[in-house]
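Colleague: any chance you could fold what I've pasted below:
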Amino acid sequence: MEPHWDDLRVFLAVAREQSLSGAGRVLRLDPATVGRRIARLEEALEVPLFVKSPQGYALSAAGERLLGPSQAAEQAMRAGRDALTGPSEQLSGSFRIGAPDGCANYLLPEVCAQIAVDHPELDIHIVALPRVVNLSRREADMAITVSPPSAGQLLVQKITDYHLHLVGAPDLAVTELAALKGARMVGYIPDMIFDAELDYLAELGLARVPVASNSVPVQLRLAEQGAGLCVAHDFALPFHPGLVKVLADQLSFRRSFFLVRHQGDQKSARLNRLAALLGDGLRDTVARLEAQA
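Modeller: Prediction:
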């Protein structure tokens, strides 16, 4: 029995969503149909592709081996579609961008809203996660990161530098670096820091974080409520006028955003255009908001 090529698309959706219902929402199929398609593919290949549990569908060893070739087939189909349709001023279809929640909350809404206005046939999904987005499982078509990945078949493009400062409510301002040792601090939950570039307080030698969250907007709201000082992106400060910079002339951080995608996606004119629009939009938005901070 030969496998149906379209069943690979269903396989990829289940692998990424880790459930029949999640894959069904992506594919616009009912979960029972998704389950039948997976069963048909497993019967054709004569091997189980998933391990089912109450937590969902996890790839089996065979499923892990099938994942790479299936993604390559998906990329080839995208390239074929682009070759047939030719260049177009209007972008269409579905596009998913993943980003850490600081970027996703304060930058991507403006950038993606403008892209959506310019390309009304394009569906844009922003995946805001306090962790690194998994491109190998196609959680997103592209991801924005604060560190360039060192493994995988990935294309990495630096977008822009950005800056951060220590901030707090006006009544918590300190005037000397030495005073930070006794100041109340707000930061990331230590065991949920997913990138060393985000461990700002460790750079300051501050091991204890009395009030913490894995969400940047939550940290800033805590600082606004007087819970303590925190390190904030300059581009976020125009959205939090109740916060003031602390020791701005003595203390600052510089980090970078990188746009990451699969190397094979370079063959897609559509994704190349989207990468360019995102990069230009993020650079412009960071520069404008930092000038207002």
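Colleague: and the pLDDT at the closest residue to Leu204 other than its chain neighbours?
Modeller: Sequence neighbours aside, Leu180 is the residue nearest to Leu204 in space, at 6.3 Å (criterion: CB to CB, 6 or more residues apart in numbering). Using the backbone N, CA and C atoms, a C-beta is placed for each residue, glycine as well. Looking at Leu180, its pLDDT reads 81.
Colleague: what of the one 4 residues further on?
Modeller: Looking at Arg184, its pLDDT stands at 89.
Colleague: rewinding a little: these two touch, right, the residue nearest to Leu204 and Val174?
Modeller: Yes. With contacts counted by CB atoms under 8 Å, Leu180 reaches Val174, the gap being 6.5 Å.
Colleague: shared neighbours, those two?
Modeller: 229, 247 (CB atoms under 8 Å, 6 or more residues apart in numbering).
Colleague: domains of this protein?
Modeller: 5-85, 92-293 (automatic domain parsing).
Colleague: ranking those domains by mean pLDDT, which is last?
Modeller: domain 5-85 - the lowest mean pLDDT of those, at a mean of 86.
Colleague: any idea how far that one is from the chain center?
Modeller: 22 Å (CA atoms, centre = their mean, to the nearest Å).
Colleague: could I get the domains of the chain as TSV with mean neighbour count?
Modeller: Compiled in TSV, those are given as follows (neighbours: other CB atoms under 10 Å):
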stretch	mean neighbour count
domain 5-85	16
domain 92-293	17
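Colleague: how about the strands of the protein, start to end?
Modeller: Remark: strands assigned in the chain by DSSP state E are 50-53, 56-59, 93-99, 122-128, 142-145, 154-168, 186-187, 211-212, 230-233, 244-246, 253-262.
Colleague: quick one: contacts of stretch 106-114?
Modeller: The contact list for stretch 106-114, computed with CB under 8 Å, 6+ apart, reads 97, 99, 124, 126, 128, 144, 233, 235-236, 239, 277-278, 281-282, 285-286, 289.
Colleague: ok so, going back, reformat the strands of the chain as CSV; add distance to Arg16.
Modeller: Formatted as CSV, the strands of the chain follow (distance: least, CB to CB, whole Å):
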stretch, distance to Arg16
strand 50-53, 12
strand 56-59, 10
strand 93-99, 10
strand 122-128, 11
strand 142-145, 14
strand 154-168, 17
strand 186-187, 31
strand 211-212, 30
strand 230-233, 29
strand 244-246, 41
strand 253-262, 14
